[in-house]
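In: With the sequence up front, the predicted model follows.
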Amino acid sequence: MNAPNQSGWKPAMIASEDGMHNGPATTTGNRALMLEEPLLFEIGRVDVTGVDLPPVDDAAPNRLGGLARSEAIGLVGLTEPETVRHYTRLSRQNYGIDLGFFPLGSCTMKHNPRLNEKVARLPGFADIHPLAPQSSVQGALEVISQLGEWLCKLTGMPAVAMSPKAGAHGELCGILAIRAAHEARGDAREVVLVPESAHGTNPATAAFANYRVEDIPATPEGRVDVAALKARLAPDVAAVMITNPNTCGLFEKDFREIADAVHAAGGYVYCDGANFNAIVGKVRPGDLGVDAMHINLHKTFSTPHGGGGPGSGPVVLSEALAPFAPLPFVRSSDAGSFYLVEEENREERGPSFGRMTAFHGQMGMFTRALTYMLSHGADGLKQVAEDAVLNANYILRSMEDILHAPFAGSGPCMHEALFGDKDFGGDLSTLDVAKGLIDEGYHPMTVYFPLVVHGAMLVEPTETESKAAIDQFITAFRAVVERALAGDEALKQAPYYAPRRRLDETAAARKPKLAFEG
Amino acid sequence: MRYLPLTDTDRTAMLAKIGATTVDDLFVDVPEIARLDGPIQGLPMHASEMAVERHMKKLAAKNLVAGDVPFFLGAGAYRHHVPASVDTIIQRGEFLTAYTPYQPEIAQGTLQMLFEFQTQVARLYGCAVANASLYDGSTACWEAVAMATRVTKRGRAVLSGALHPHYAQVVKTMAHFTGDIIADAMPAIQPEPDLDGLIARIDDQTACVVVQYPDILGRISDLSAVAEAAHAKGALLVVVNTEPVALGACKSPGEMGADIVVGEGQSLGVGLQFGGPYLGLFAVRDPKHVRQMPGRLCGETTDAEGKRGFVLTLSTREQHIRREKATSNICTNSGLCALAFTVHMTLLGEKGLRELAAENHRLACLAADRLAKVPGVRVLNNAFFNEFTLILDGKPAREIVRDLADRGVLGGVSLGRLYAGVAALEHALLVAVTETTTEDDIERLAFELEASIKETV
């Protein structure tokens, strides 16, 4: 049942070691459906456009105040058929969830439902201006309000700030609210405690908000060292930032105890909610003593990752921090209409710490996330968490006999399984396993993160994979790992079959070429 | 449930492999106090695609669609025609459902697109290097100020009074926490921006001067003198652009001596979307500043067989490597919006962008002339691109805008909305005109504006 391929292919049919060269060379460098594509600036022309517009009348008077452009911009254009082909050919050099299993740990590459895309494109959402009179955009404000209500109920928190543009922006929102709350009572605290296993954004965010960052060690079982944390708590500690479930894929079972200790010391508890998808519908962070937590709508609530954004990072807030939430936010009146609280609403804005972005947040992501929530409902979201955790544990237990799983003895994992590169043969490393998986048709897992495990491999299957897909991945993953354990040097050159072989990142950084020249 | 492929048979088999009896055995580390018995109360249960679509359509129907009425709003978000092919390309699963290109061998599509995007943005801005995008123009504006403080090792930023007030608010909010000093100002209602006054505010402690071009009132002016004055004091000039189409007709900020150019890219490809997601653009004129830039950068290199390829590079600036010493905490940027922008820009090209800009300006001139004929209305600007300021003599513009909406015209953005409570600005109305505006729309606005002014006390 674990057949790696149903097509009649057999291992004996494997191509020569340099696989790509088992047929005659081609004139173009293309190989059937594997098509090379030049740069836009090599195929575009200065005098070609794919949009029909009236010609420029240089003699027409203008009111540009003597600043009419005299120099060429340096752009090139393509007609529509050329444009569609250029980008279609580029797209085929990309791996996406639609194409296959994408177990990138901590990034939650789950299926992106197409109803979300359809709804976000309704003109009533896509074609409305952020500064339109509020009476003309009541439906948009209601979406923000409904989504906020879902987020509050799912997390058990009383308030939510909707405007942060991505997870890291949400972290910043939470940390600024904490800073503002301390300032409001004249308490100048300087330190934020961050576990070693945290996402890089946590310390970067705290530093951005002018805090000094101190590391908290992990226990051998992969959780926050509660004793060390408690020992460090003092009047200079403004907050702790803890990811739960953590980046080792484990639930921080002492979270409530940590939160109580932090609160007793006058600090606040920031929870990095990047991994909320493991517990959505099962656990409410509000019951654990959280003061602020961002939620990546592109992770838990299935908005597309888009090759690196846009994200969306609403932040749920405790009673203590809610008054400091950023502007603008949506309120509803007694009459049932919705309105925005902005700088001008001096009474209602209260001690808000200010504005983080020009408008109201990622509306296009709100419509998608709300669509997803309504589709799953409270029952379905619970099933989402359960299936995500089940899939991850299934992979953990299917790999631990051959692959070092440092925390496999710490109990079940949550939504992701963490492995290390112990016992690999020769000088093979995690990177080689990742590149070997590319040849097998998979997007690799997250590698070298978290930093607390040597050669970390963080595998997150998500709930939107079938058992057959997971079994096939396990078969492939085991095969590549066995090659690594056996010291198969051929892995050092992988991938062989991707659109590109390994790229020289050192050269790219040493002499950066960041724009087309010519 | 239609998005969950596991069957109960699968679940049972998988639990057996794991050695668990029920799925709750996998949640044993959740403390007792935090365990929930059943689905969270107060939320609906799952629903069919048809039912969800019906719910969302009802909400959408409560909004007045910009394209359905004469529409003149701008102030940092502009309604342009987006060619049909842009949306079909960004919906290709290989782009839509990819992630940040951490594995470049199987992400060349995204990487090459970003390299082309960076080139387009750098050239549009008259700069050497652009990054792979930030969240939006307002956050890019703060990132520019933060970068200027790193480059100059100074902690004071001078903001032009005619910088978008939301952008100024974002900068001030952030600076409050970083301890930087922000010298801001209110816009002066006059035909030309007060550049001499701005120059006079630059001192030896100034890290940067931040000027919007075209500015919040739609005015455009030569910033060369500001650049010279800033440089003479050892400060950088940051130019903010919220309407990239303007740069198809006007001199680039780089040509006028801007050191960092940032802006909002929403006009091309992205659409209005009630304010987000948008597209932060960020570029530097001098390549020596590259290592102080925030955000992702895509660079060219070669693979093991010598073929050209692209990678994310200079990541030692970034949070996932440098942690608390990173240039910014940004991780996810605005990749799909960057794709939409670059596809639209590719369709336009040099020729199309110049034509698009000319058409915007032509219609804006037409609108300014027509609206100036409405009794009680005058045009403030001497120079403008596609947005200008009307002064409604003795009438509060905010009320007029609401009244116009009731008359089925989205007539502009009142400065009263942007600067609530500032009496000197409450008669000013920002009017934006793009290629989507028809001459009938202009006529309708003129007609309703005249009626509204007459009937508003």
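Out: Noted; the coordinates are in hand.
In: Quick check: which element contains the residue in the stretch 101-250 of chain B that chain A sits nearest to?
Out: For the stretch 101-250 of chain B, the residue closest to chain A is residue B:173, as judged by Cβ to the nearest Cβ, at 3.1 Å. Any C-beta I mention is one placed from the backbone N, CA and C, and that applies to glycine too. Here residue B:173 is covered by helix B:165-178, with elements defined by DSSP states H and E.
In: what's in contact with that helix?
Out: A:176, A:179, A:208-210, A:326-327, A:343, A:353-359, B:76, B:137-139, B:141-142, B:145-146, B:149, B:157, B:159, B:181-182, B:184, B:210, B:212, B:216, B:240, B:418-419 (Cβ atoms under 8 Å, 6 or more residues apart in numbering or on different chains).
In: Just after that helix, pick out the following helix or strand.
Out: Downstream of helix B:165-178 (by DSSP H and E), the next one is strand B:181-183.
In: Mind listing what's buried along the helix holding residue B:173?
Out: For helix B:165-178, burial by neighbour count (16 or more other Cβ atoms under 10 Å in any protein chain shown) applies to B:165-177.
In: What is the nearest of those residues to residue B:327?
Out: residue B:174 (14.2 Å; Cβ to Cβ).
In: need the contact list for the residue in the stretch 51-200 of chain A positioned nearest to chain B.
Out: Taking Cβ to the nearest Cβ as the measure, the point where the stretch 51-200 of chain A comes nearest chain B is residue A:77, at 1.7 Å. When contacts are counted by Cβ under 8 Å, 6+ apart, residue A:77 touches A:44-50, B:346-352.
In: try 6 Å
Out: By Cβ atoms under 6 Å, 6 or more residues apart in numbering or on different chains, the contact set of residue A:77 is A:44, A:48-49, B:349, B:351-352.
In: Could you list the low-pLDDT ranges of the stretch 251-400 of chain B?
Out: In the prediction, the stretch 251-400 of chain B carries no residues with pLDDT under 70.
In: Now do the strands in it.
Out: Counting by DSSP state E, counting those that start in this stretch, the stretch 251-400 of chain B has these strands, from start to end: B:260-264, B:280-284, B:298-302, B:308-312, B:377-379, B:387-392.
In: The longest one pairs with which strands, and in what direction?
Out: Looking back up the chat, that one is strand B:387-392. Partners of strand B:387-392 in the sheet, by DSSP bridges, are strand B:377-379 (antiparallel), strand B:428-432 (antiparallel).
In: what would these look like in TSV with mean neighbour count?
Out: Formatted as TSV, these follow (neighbours: other Cβ atoms under 10 Å in any protein chain shown):
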stretch	mean neighbour count
strand B:377-379	16
strand B:428-432	27
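In: the helices in the stretch 101-250 of chain B, which residues?
Out: B:108-125, B:137-152, B:165-178, B:195-200, B:224-232 (DSSP state H, counting those that start in this stretch).
In: Same check on chain A?
Out: A:40-43, A:80-91, A:114-120, A:123-126, A:138-155, A:167-184, A:201-208, A:226-232, A:255-264, A:346-349, A:363-399, A:430-439, A:467-485, A:505-510 (DSSP state H).
In: Tell me the buried residues in the fifth one?
Out: Just to be clear, that refers to helix A:138-155. Here helix A:138-155 shows A:138-144, A:146-148, A:150-155 as buried, counting by 16+ other Cβ under 10 Å.
In: go on, the first one?
Out: Of all the residues in helix A:40-43, those buried under the rule 16+ other Cβ under 10 Å are A:40-41.
In: Give me the distance from the helix or strand of chain A with the lowest mean pLDDT to the chain's centre.
Out: Least confident helix or strand of chain A, by mean pLDDT, DSSP states H and E, is helix A:346-349 with a mean of 85. Relative to the centre of its chain, helix A:346-349 is centred 34 Å away, using Cα atoms, centre = their mean, to the nearest Å.
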